[in-house]
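**Student:** Sharing a model prediction with you, sequence too.
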Amino acid sequence: MSIRNVAEHSGVSIATVSRALNTPEMVSPETVKRVRRSVDELGYRPNLFAKGLLTRRSRVIGVSLPDIHGLFFSELMRSADDRACELGYHLLVSSNAHRADENPAGGFALDLADGLIVMLTERTRVDLDGIAALDLPTVVVGVDRPGVPVDTISFDNVTGALGAVAHLLEGTPAQRCFFAGGHQGNIDSDERSAAFAEALRRDGHEPTPDQISYGEYSFDWGWNWATRMIQKGLLPGAAVLAANDEIAIGVANAARDYGLSIPGDLRIVGFDDSSFCGCVRPKLSSVHLPVDELGREAVDALVRRLEQPDASPRHSRLATSLVVRDSSRITTDGARHDA
């Protein structure tokens, strides 16, 4: 169905149909009602591209992610898409712009998108300076650098990690606490490991090299790391802060494979507070990241930038919080902390 069919069905001109749909305040309420009734009966859907020629807006938001696999990214995109739909926008999602030696300009037909949301996770790939140089309204997720002329939104990794380590230190000596991270150069992993080390120093202990390890955000790496540490006799009676929940679950499975009880012999805290936490036994303690809030805030920030292009950039840091469950409860004094 075309706009011409709607005009013929409702007995008005094509121009009147256009005004009734786009600027209804310029048309009488009776005409608007008649046009919308025709739209519903005919099943007409406006052509976004044709509309964009008139408004110079496609109502399309480009989203560049480092990956599109996994619970974190699916939850992020679900909340962002819900918010975009509420505001009358559509999302165009890609991970191509995050490939090595590429930049966000290579991931989209930028003349199609009204604006761009970019998530940065690596210090060595797409850089904020290159993003700021794009001639396109842009919001950056995952990193904050003061003075950069784009809106940024990030998580407060430091507060979350400090809280998790403080909880572990309540029942485990600092020299028996370990951090199992993602790879070095990953922004989140670096911030969480630095906060882990700072928490031990505040407790009067300088972390040793074997207390902080870097690998991958995966179950397999967590299992392999824990296996090596158990074989060295380092994990019995210890506590682990993992850089994400997948690593934490890998550590927990390795501990059980070697006969260690959780939390009796090993206390574990993850990061993300994903849906995995309630599916494993014992339930996994984890630092909660407000992923739903992140997706909605990213869309809101970009739409705000589209509507107020000259406004000063905003830099938001979303709060994190520790959710204590069975995997890290203190057993020596009978205390129990359940979510």
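**Tutor:** Nice, thanks for sending it over. Numbers count the residues shown, from 1 in each chain.

**Student:** What segments of this structure are strands?
**Tutor:** 60-64, 90-94, 115-119, 138-141, 151-155, 177-181, 212-214, 238-242, 266-272, 285-288, 315-318, 321-323 (DSSP state E).

**Student:** Turn those into TSV, including mean pLDDT and distance to R4.
**Tutor:** Every residue, glycine included, has its C-beta placed from N, CA and C. Shown next, in TSV, are the strands of the chain (pLDDT from 0 to 100; distance: least, Cβ to Cβ, whole Å):
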stretch	mean pLDDT	distance to R4
strand 60-64	89	25
strand 90-94	88	24
strand 115-119	91	32
strand 138-141	92	38
strand 151-155	94	41
strand 177-181	98	60
strand 212-214	98	62
strand 238-242	98	60
strand 266-272	97	52
strand 285-288	98	53
strand 315-318	94	46
strand 321-323	97	56
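
**Student:** what residue ranges in the stretch 101-250 of the chain score low on pLDDT?
**Tutor:** Applying pLDDT under 70 to the stretch 101-250 of the chain flags residues 101-111, 124-126.

**Student:** Surely A195 touches G163?
**Tutor:** No. In this structure, A195 is not within contact of G163 by Cβ atoms under 8 Å, at 9.3 Å.

**Student:** Tell me which of the two has more neighbours.
**Tutor:** A195 (21 against 18; other Cβ atoms under 10 Å).

**Student:** residues touching the closest residue to that one other than its chain neighbours, list them.
**Tutor:** Setting aside the residues directly before and after it, A195 is nearest to A161 in space (Cβ to Cβ, 6 or more residues apart in numbering), at 3.6 Å. Counting by Cβ atoms under 8 Å, 6 or more residues apart in numbering, A161 makes contact with E191, R192, A195, F196, A199, L241, F271, V287.

**Student:** how does it look with 6 Å?
**Tutor:** By Cβ atoms under 6 Å, 6 or more residues apart in numbering, the contact set of A161 is R192, A195, F196.

**Student:** Number of residues surrounding the last one?
**Tutor:** In terms of burial, F196 registers 26 neighbours under the definition other Cβ under 10 Å.

**Student:** A243 versus that one, what's the distance?
**Tutor:** 9 Å (Cβ to Cβ, to the nearest Å).

**Student:** Between these two, which contacts overlap?
**Tutor:** With Cβ under 6 Å, 6+ apart, F196 and A243 have no common neighbours.

**Student:** on that earlier part again, considering the contacts of A161, which is situated nearest to A20?
**Tutor:** Using Cβ to Cβ, R192 is the member of the contacts of A161 that lies nearest A20, at 53.7 Å.

**Student:** The closest one - nearest residue in space that isn't next to it in sequence?
**Tutor:** A161 is the one closest to R192 (Cβ to Cβ, 6+ apart), at 4.6 Å.

**Student:** per the record, what domains does this structure have?
**Tutor:** With automatic domain parsing as the criterion, the domains of the chain are listed as 3-46, 60-156+291-318, 157-289+322-328.

**Student:** Tell me which of the ones you listed sits most buried.
**Tutor:** Each of the domains of the chain was scored by mean neighbour count; the highest is domain 157-289+322-328, a mean of 20, by mean count of other Cβ atoms under 10 Å.

**Student:** Figure out how far it is from the centre of its chain.
**Tutor:** Chain-centre distance of domain 157-289+322-328: 20 Å, with Cα atoms, centre = their mean, to the nearest Å.

**Student:** Would you work out how far apart the start and end of it are?
**Tutor:** Domain 157-289+322-328 stretches 19 Å from its first residue to its last (Cα to Cα, to the nearest Å).

**Student:** confidence score at the nearest residue to R281 once chain neighbours are set aside?
**Tutor:** Closest residue in space to R281, ignoring its immediate chain neighbours: D326 at 8.0 Å, by Cβ to Cβ, 6+ apart. As predicted, D326 sits at a pLDDT of 97.

**Student:** dump the residue contacts of the closest residue to I247 other than its chain neighbours.
**Tutor:** For I247, ignoring the flanking residues on the chain, the nearest one in space by Cβ to Cβ, 6+ apart is G222 at 3.7 Å. Contact partners of G222, counting by Cβ under 6 Å, 6+ apart, are I247, G250, V251.

**Student:** ditto for L302
**Tutor:** G115, I117, V139.

**Student:** Double-check R296 against S79; I have them as touching.
**Tutor:** Yes. Using Cβ atoms under 6 Å, R296 is in contact with S79, at 5.4 Å.

**Student:** Isn't P290 up against L318?
**Tutor:** Yes. Taking contacts as Cβ under 6 Å, P290 lies within contact range of L318: 5.2 Å.

**Student:** ok, G237 to P137 distance?
**Tutor:** For G237 relative to P137 (Cβ to Cβ), the value is 53 Å.
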